[in-house]
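Enquirer: predicted model follows, preceded by the sequence.
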Amino acid sequence: MRILLAEDEKELNRIVCERLREEQYSVDACLNGEEALAFLQVMEYDVVILDIMMPIVDGLEVLQTLRANGKQVPVLMLTAKDSIQDRVKGLDAGADDYLVKPFAFDELLARIRVLLRKPSNQHTGFYQVDDLVLYPNTHKVLRADKEIHLSAKEFSLLRYMMQNTGIVLSREKLEQHIWNYDYSGESNVIDVYIRYLRKKIDEGHTHKLLHTIRGVGYVLKVDV
């Protein structure tokens, strides 16, 4: 799961990034609203965390721009004071939730989990391609009613591919979504994880779901 954090307090930004990455989230971080808008133009996110009071472009303006562009990604607003006016402005602009600073990290995690469960993200509560079913709320994956155990990265990769069923995804796009934006690991990391997934979800099944498009990338689809 990929999160954008826009928070101008450098130490808080650093700490939240570290803790989120420890929880296996991929995180892009910035210190002002202008940078946040730049990230949002080139990347897709599962959750966006915006501080209201940021330099150059504030969080409310970022949110308004996001919604005006038709993007419905869940947004959590951070505010330095428990002001009803701030909350009303944020909610009216299209925020899904807010959190008052200082906050407990466990509460932030809980609110992120709630946003990821929102019906707007997945109306049925699960993803299904043929007999492969993924339940995002419980991190359970089944194929032909048999449970498949995946690592956190494998689960994130499979979920993203199921969200884009039938769409060919390049290695670069998969790396950007599943790993950090400045990821600089081995160039074959996606190939390795696709191999792991293929072994777990396709091995022993007549109908293969994970397909390699030579020279382009990978696609999850029913093999007909």
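Expert: That came through, no problem.

Enquirer: could you chop the chain up by domain?
Expert: Domain ranges of the chain: 2-117, 127-220, per automatic domain parsing.

Enquirer: want to try CSV for these, with mean pLDDT and mean neighbour count as columns?
Expert: Placement of C-beta: from N, CA and C, glycine included. Listed next are the domains of the chain as CSV, based on pLDDT from 0 to 100; neighbours: other C-beta atoms under 10 Å:
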stretch, mean pLDDT, mean neighbour count
domain 2-117, 89, 17
domain 127-220, 87, 16
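
Enquirer: quick one, helices of the protein?
Expert: 10-22, 33-42, 59-68, 84-93, 105-117, 152-163, 171-178, 189-201 (DSSP state H).

Enquirer: show me how far the third one is from its chain's centre.
Expert: Its chain's C-alpha centre lies 19 Å from the corresponding centre of helix 59-68 when counted by C-alpha atoms, centre = their mean, to the nearest Å.

Enquirer: with just CA atoms, put it into PDB.
Expert: The C-alpha atoms that make up helix 59-68 are tabulated as PDB, following Å, rounded to 0.1, in the frame of the first residue of the first chain:
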ATOM      1  CA  GLY A  59      -3.300  21.300   2.800                       C
ATOM      2  CA  LEU A  60      -6.800  22.600   2.100                       C
ATOM      3  CA  GLU A  61      -5.700  23.900  -1.300                       C
ATOM      4  CA  VAL A  62      -4.000  20.600  -2.100                       C
ATOM      5  CA  LEU A  63      -7.200  18.700  -1.100                       C
ATOM      6  CA  GLN A  64      -9.400  21.100  -3.200                       C
ATOM      7  CA  THR A  65      -7.200  20.600  -6.200                       C
ATOM      8  CA  LEU A  66      -7.200  16.800  -5.700                       C
ATOM      9  CA  ARG A  67     -11.000  16.700  -5.600                       C
ATOM     10  CA  ALA A  68     -11.400  19.100  -8.500                       C
END
